[in-house]
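Peer 1: My questions are about this predicted structure, shown below with the sequence.
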2 protein chains.
Amino acid sequence: MKIAIGQIRVVSANCIENYESIKIEVEKAIHNAVNLIIFPEMVLPGYLNGDTWEQTSFLKECEYFHFEITKLSHKINIMFGSVGIDWNKKNEDGRVRKYNAVFIASKGKLLENSKTGLPFWIKSLLPNYREFDDSRHFYDLRKLSQEMDCKPIDLYEPAILNIDHKEFHIGLSICEDGWSHDYTFHPIEEFSKRYKHDFFVNLSSSPFTLGKKEKREKLFSSISSNVKVPIFYVNCVGVQNVGKTIYGFDGSSTYYSSNNEIVCIGEFFKSSLAIGQFNSNNKKFILENKINKNENILVKDMQISLEYIIEKCLQEWNINRVVIGASGGIDSALSAVLFSRVLGSENVYLLNMPSKFNSSLTKNAAFKLAENLNCPFASVGITNSIEHTKTQLNEIAFLRSTSVLDISTLVFENIQARDRGGRILSALSASLKGVFSCNANKSELTVGYSTLYGDQAGFLSPIADLWKKDVYELSKFYNNEIYKSEIIPIETIQVVPSAELNENQNVLENKGDPIQYTYHDYLFRSWVEHWDRKTPEDCLKAYLDGTLDSMIGCEEGLSKNLFPTVQSFIIDLERWWLNYKGMGAFKRVQAPPIIAITRRAFGFDHREHIGRSHFSECYMSLKKSLEV
Amino acid sequence: MKIAIGQIRVVSANCIENYESIKIEVEKAIHNAVNLIIFPEMVLPGYLNGDTWEQTSFLKECEYFHFEITKLSHKINIMFGSVGIDWNKKNEDGRVRKYNAVFIASKGKLLENSKTGLPFWIKSLLPNYREFDDSRHFYDLRKLSQEMDCKPIDLYEPAILNIDHKEFHIGLSICEDGWSHDYTFHPIEEFSKRYKHDFFVNLSSSPFTLGKKEKREKLFSSISSNVKVPIFYVNCVGVQNVGKTIYGFDGSSTYYSSNNEIVCIGEFFKSSLAIGQFNSNNKKFILENKINKNENILVKDMQISLEYIIEKCLQEWNINRVVIGASGGIDSALSAVLFSRVLGSENVYLLNMPSKFNSSLTKNAAFKLAENLNCPFASVGITNSIEHTKTQLNEIAFLRSTSVLDISTLVFENIQARDRGGRILSALSASLKGVFSCNANKSELTVGYSTLYGDQAGFLSPIADLWKKDVYELSKFYNNEIYKSEIIPIETIQVVPSAELNENQNVLENKGDPIQYTYHDYLFRSWVEHWDRKTPEDCLKAYLDGTLDSMIGCEEGLSKNLFPTVQSFIIDLERWWLNYKGMGAFKRVQAPPIIAITRRAFGFDHREHIGRSHFSECYMSLKKSLEV
């Protein structure tokens, strides 16, 4: 049996485009005498579609294209993921019943599951954590079985395909069905107990995060060995978003032989069509064409994923030109590199916007970066405009009020940041028929160390899911491994990180940000990314126990070094926690879209409310007992 | 049996504050010799808590306060909603098992449900639509029964309280358990079939939307008559948010006698403690104190809810002063009224910021509004600053680029808007130790008719869930019914809505916005708020059929009047659809928090992805067949 894996790029809520991609691969497969072509989960409608699922006309369009795909199946069997609709039943929101489903088109018809009477197979487990929203729109096999008063397994049967007079029994599963360790129902395992299968498929639409691919391989490898049935894991590529949070899909489709043999059948972040011969006797899957396997180096995965996601976003949004406010610091430098790699350096405009607080060191570094990258470069001062704003504010005289304006240092810092972002970069990029980027990193975004409508503005935040340490690591990787030259100037890497918005933030005197990244990156990460989310009470207890550094993962001894007294520790802890839950949360609501590459990116994956921040009873008691 | 209804204000994720409120009401109830006090759903931890549920320390804090509440129950029975935790089991996300539950503290102990062995009763139905997220964090009774291989009803039993030597059997339900029409399991009905109850409670945490209260009364009235058991419906008040989208909770707790008698036992958007005598023989509930019932007038509900939500937001965020860019138009005028009502007019600063495009008509109207409201007022021109920006842009000379800047009319319009919002209002409000408001309405926000970092900036959008027609209606209501004088100047109400950002938007020549609100308000609403979300294909078909006006609800004949030819209709339709799905969606990601009062507010209740907008196959074919 000849099988093709159509690891195609899927676009959200765009059946026309996805159908065209499917059709091209089907025709190639027919040309190669393939018996079965397998496409990923939700390959036709897209997966992260927001509430588009609530449009009846969108559902009708999906059904129209199911019919069109079926027409292509006279010489080949086509397996694909899409939305299964039962117009006679209701979802729990009162709208029409929808399933996340696998369809199999064969000889011009859709195969039917005789247990449900429906022309598709239904996903059993719907993820409802992180950025996933499946159960908002889809009914699952478990609910259906409860409704029909039977067990989920009673509604399942393998799909049977007749190929060259031999019957193949195919086990069907969709994405989360494989990730069942936290559920009480284990689809692949239970289906295998009741039925004999030649192989399983797992159709996925699995957003990339760093380290997930390795986890996935371990998981499906172990399932396949356990049930002693091979598994074709088929994932899509592309970029889809849930508004604020943008995900890449890495493909990396893989064949698991059940004999601990793993065959890469889909490239990393690349469309591909793998074609191979499947032998159900020896469980070998022998590829006819070469599919490159990824090396699994963390920083390289970071580089590849970011470049891919940025590229596809710009293509989809039809953006050809990006302006970057280049301060001479590391964040804007990395942004400039990323956009240059994707758009070509001639389309990435670097603009330095100094005030009197900017050092020649950083000004020169910005100039050098542009020269190294070969990007257009200009410099424009903001001294006159910020002074004008100050003067104008001071001249405002309110009728019926005696309030006096207080243009504090902080207010003046923010005036500078907004003058750059909200005034110059906004207008300049629009005049160039382009956009400008937001260069915020995750450390800043966690505690709102940025100015709304200033440096927090932009069309996209390419590095907002990178902690400051990751920004450095990736920057050095570009210099050392990609360019093998000092593209990002060494001054930029060595200078103390600083906003340079007042005379105290003088980098020449080594005065910079109040965030101590070697420690705070880890502290913040424990609040945001840890599985069991840490809180001040956990951190204070660990500090007192001497286990804080190992709990958060920073260098041993660092916290006691930075904060020799519990009092100094508490002041720092409370400052940042209040910023994280308070102003930080408030600013994130208005932050630009973020490219997600970790297990917990801000936005839809990190649901939060904005409110008055406070400390728990336990924290307050503990603090009181310390008499600080 | 004497029952008290503790309709208290609940704060998100703040056990300390909520416990204090509970304690005060319990003490009052004890003082009044009450036998049972009933609090709403999730009264201790709050309901819209984002992912705070993932913090183990937060869960421990909840348990600590369950114990504290239980200590108060020696002289009274206390029923309250909170999170039920089973540390021995897992949720489907792998974290600890959590239930949305009812607790009953009696004689210093928590009652136990003997069927589950747990010291609480579990919610059966978890809403997973609109802004609700219950199944992300909580396990429900249906899943538990599937796990335990029984029916949901098998895990249920009434709670039994002994009061004055008489046994009372109380049926327990939580919020959605009553709204079961779209589910296959109907908790209250099924529980009543198996057990005899003296009364049911429904503990709710039900976000307010216009018209919901009436729906709620109809629903619970009918359930109570059907099962022939009285129901105490107990809802909270307060304000909670899901980041971008802010909800008010209206209370309006109600007693349904099962004999079609309805007793108001909680005020509309007000904390209250209703105390009354329940007689299980005649099913009467006789109140000892007076509880005011709301009148149910739509525009008045709009006024009360907006003022309440704004007030509580400002209190929670500790904001005492608001600056408003007063253009002389209707949106900023309504904002000014709302904030003045809440903060007192002396704390609401109106600033008019004219350029040469602003008419004396609107400038005078802004001045008059401030005078009428008695707000501080000032005017500051932006002509110099926007000219400075233009000059500065034109002087920028990029190295390595020959691109010519094109400061188009649109670019120059946006420069003006950002000069006002991103430059002056931001800095001024910060200098006054206040914030500034975003005055966008829902019509603008739908199609992105606003400038990012300009008029779309602000700390809060108080009227972003009001269509333009609602803005007018509420404004007139303030003049006619609340103030009974022309507080909002008649010019502001009569002038054509206009951005006044170029010479063609001249209000004196009656030239204004490209949005025809009498039609587009309804068209946009069909895309956003209709149950079956309308799309261009639905609209074009309806236009051709002559059913569009009735489908969207605008004045009959209007669409043919505005668009006599199908060609002109299509141009308009496509323009706004592309804006809604394209730039509009993109701008909404960076929009300020929105106060929700309709069934579909932007933000978490209107999940969307940003991408290239397009039209469906069916729409394209239909258009092609028309040969336009």
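Peer 2: The structure has been received and is ready for your questions.

Peer 1: buried set for stretch A:609-628?
Peer 2: A:609, A:610, A:611, A:613, A:614, A:615, A:616, A:617, A:618, A:619, A:622, A:623 (16 or more other CB atoms under 10 Å in any protein chain shown). For every residue, glycine as well, the C-beta is placed using N, CA and C.

Peer 1: do you know how far the fourth one is from residue A:408?
Peer 2: This points to residue A:613. Separation of residue A:613 from residue A:408 (CB to CB, to the nearest Å): 22 Å.

Peer 1: Let's have the buried residues of stretch A:609-628 in CSV, adding secondary structure, pLDDT and distance to residue B:360.
Peer 2: Formatted as CSV, the buried residues of stretch A:609-628 follow (DSSP: H, G, I helix; E, B strand; the rest coil; pLDDT from 0 to 100; distance: CB to CB, whole Å):
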residue, secondary structure, pLDDT, distance to residue B:360
A:609, coil, 95, 45
A:610, coil, 94, 40
A:611, coil, 88, 43
A:613, coil, 82, 46
A:614, coil, 85, 50
A:615, coil, 94, 54
A:616, coil, 94, 57
A:617, helix, 94, 59
A:618, helix, 95, 62
A:619, helix, 97, 58
A:622, helix, 96, 63
A:623, helix, 96, 60
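
Peer 1: Same list, those residues, but only the ones touching chain B.
Peer 2: Restricting the buried residues of stretch A:609-628 to those near chain B by CB under 8 Å from any CB of the partner chain leaves A:609, A:610, A:611, A:614, A:616, A:617, A:618.

Peer 1: Wondering if stretch A:189-202 reaches chain B at all.
Peer 2: No. Using CB under 8 Å from any CB, stretch A:189-202 never reaches chain B; the gap is at least 13.7 Å.

Peer 1: Centre of the chain to that stretch, how far?
Peer 2: Mean-position distance between stretch A:189-202 and its chain equals 32 Å (CA atoms, centre = their mean, to the nearest Å).

Peer 1: Ends of it, what's the gap?
Peer 2: 13 Å (CA to CA, to the nearest Å).

Peer 1: Checking my notes, residue A:479 in a strand, right?
Peer 2: No. Secondary structure assignment places residue A:479 outside any strand; it is helix (DSSP: H, G, I helix; E, B strand; the rest coil).

Peer 1: what sits against it?
Peer 2: A:485, A:486, A:487, A:488, A:493 (CB atoms under 8 Å, 6 or more residues apart in numbering or on different chains).

Peer 1: Just the C-alphas of the top strand by length along chain A, formatted as PDB.
Peer 2: What stands out as the longest strand in chain A, according to DSSP state E, is strand A:77-90. Only the C-alpha atoms of strand A:77-90 are listed here, as PDB (Å, rounded to 0.1, in the frame of the first residue of the first chain):
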ATOM      1  CA  ASN A  77      -8.400   7.400  -1.000                       C
ATOM      2  CA  ILE A  78      -8.300  10.700   0.700                       C
ATOM      3  CA  MET A  79      -8.300  11.100   4.500                       C
ATOM      4  CA  PHE A  80      -8.700  14.600   5.900                       C
ATOM      5  CA  GLY A  81      -9.700  16.400   9.000                       C
ATOM      6  CA  SER A  82     -12.600  18.900   9.000                       C
ATOM      7  CA  VAL A  83     -15.800  19.800  10.800                       C
ATOM      8  CA  GLY A  84     -18.500  17.100  10.900                       C
ATOM      9  CA  ILE A  85     -21.900  18.600  11.100                       C
ATOM     10  CA  ASP A  86     -25.200  17.000  12.200                       C
ATOM     11  CA  TRP A  87     -27.900  19.500  11.300                       C
ATOM     12  CA  ASN A  88     -30.500  17.400  13.200                       C
ATOM     13  CA  LYS A  89     -28.800  17.900  16.600                       C
ATOM     14  CA  LYS A  90     -27.800  20.800  18.800                       C
END
